[in-house]
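I need the structure of the sequence given here:
(one chain, ligands or ions: 2)
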Amino acid sequence: MANNKKRVALIGKISSGKTTLKQRLSNEEMKYSKTQMVSYFDDFIDTPGEFIELPFFSRQAINIACDAGLLIMVVSCVDSQNSIPPNFIHTFNIPAIGVITKIDHQDCNIKRSRNFLAYAGIKPKNIYEVSSETGAGIEALEEAIHHYMDPIRNPNLK
Ligand SMILES: Nc1nc2c(ncn2[C@@H]2O[C@H](COP(=O)(O)OP(=O)(O)O)[C@@H](O)[C@H]2O)c(=O)[nH]1
Ligand SMILES: [Mg+2]
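Residues are numbered from 1 along each chain as shown. Ligands and ions are numbered 1, 2, ... in the order given. This is a model prediction of the structure:
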């Protein structure tokens, strides 16, 4: 089985903005890590939305998320329907944060998304609000990712 300990798994509904967020973060990481570790690039695992939307996800998909270093639950603030089962993140014995995407959108409802993430088991202080379009909130999210991932990715750098 692949070792995904050094990677971040993105999980969320179809069209919640996972792939766009991954691209945005990868660009930021490239800038950030230019003079540091090249292996930072493409360290995200982008999962298909079916993973969260079907009642029985594939064993393989669970394995990917299970051994990732960090789980990011992605919810779009435009989405009015929850699809994450209650306490979903407690299925995984790894750190998890929540990300609310598309905050630039005119139909945005952040409070609703926060409720969905709370229902999934994410604490309010671990929720980040971002727009992959404008870049709003991306820096704070980057910092959070580094907080969790740096010790795993660079165990020699204290
Ligand atoms: N307005 C806005 N649209 C976004 C944002 N992020 C993603 N989208 C759009 O939402 C749609 C789905 O995004 P995608 O990343 O493919 O979602 P995925 O299915 O979760 O991978 C696309 O049309 C994106 O352009 C954002 O921050 N703001
Ligand atoms: Mg996608």
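
which stretches of this structure form helices?
Remark: helices assigned in the chain by DSSP state H are 18-32, 50-53, 59-66, 110-120, 138-153.

so which of these gets nearest residue 85?
Closest approach to residue 85 among the helices of the chain (CB to CB): helix 110-120, 7.5 Å. Every C-beta, even on glycine, is put in place using the N, C-alpha and C of the backbone.

Buried residues, that closest one. List them.
Using 16 or more other CB atoms under 10 Å as the test for burial, helix 110-120 gives 112-114, 116-117, 120.

What is the lowest-pLDDT residue among these?
Lowest pLDDT among the buried residues of helix 110-120: residue 120, with 91.

hmm, back to that, of all the helices of the chain, which lies closest to residue 75?
helix 110-120 (4.5 Å).

Please look at residue 43 and residue 6 and confirm they touch.
Yes. With contact defined as CB atoms under 8 Å, residue 43 reaches residue 6; the gap is 6.3 Å.

For residue 100, give the beta-bridge partners.
Going by DSSP bridges, residue 100 is paired in beta bridges with residue 75, residue 129.

Quick one: residues contacting it.
75-77, 110, 113-114, 117, 127-130 (CB atoms under 8 Å, 6 or more residues apart in numbering).

quick one: which of the residues you listed is nearest ligand 2?
residue 76 (11.9 Å; CB to the ion).

dump the residue contacts of that closest one.
Here residue 76 is in contact with 12-13, 15-17, 100-102, 105, 113 (criterion: CB under 8 Å, 6+ apart).

now residue 77, nearest residue through space, not along the chain?
residue 108 (4.2 Å; CB to CB, 6 or more residues apart in numbering).

Would you agree that neighbour is in contact with residue 114?
No. Counting by CB under 8 Å, residue 114 is not a contact partner of residue 108; they are 11.8 Å apart.

quick revisit: list residues touching both of residue 43 and residue 6?
Between them, residue 43 and residue 6 have 149, 153 as joint contacts when contacts are counted by CB under 8 Å, 6+ apart.

so who does the residue nearest the centre of the chain touch?
Relative to the mean C-alpha position of the chain, the nearest C-alpha, by CA atoms, centre = their mean, is the one of residue 72, at 2.4 Å. Residues near residue 72 by CB under 8 Å, 6+ apart: 8-11, 96-99.

Tell me the spacing between it and ligand 2.
13 Å (CB to the ion, to the nearest Å).

For the remainder of this discussion, apply numbering that starts at 6.
Noted, 6 is the first residue going forward, which turns the last one into residue 77.
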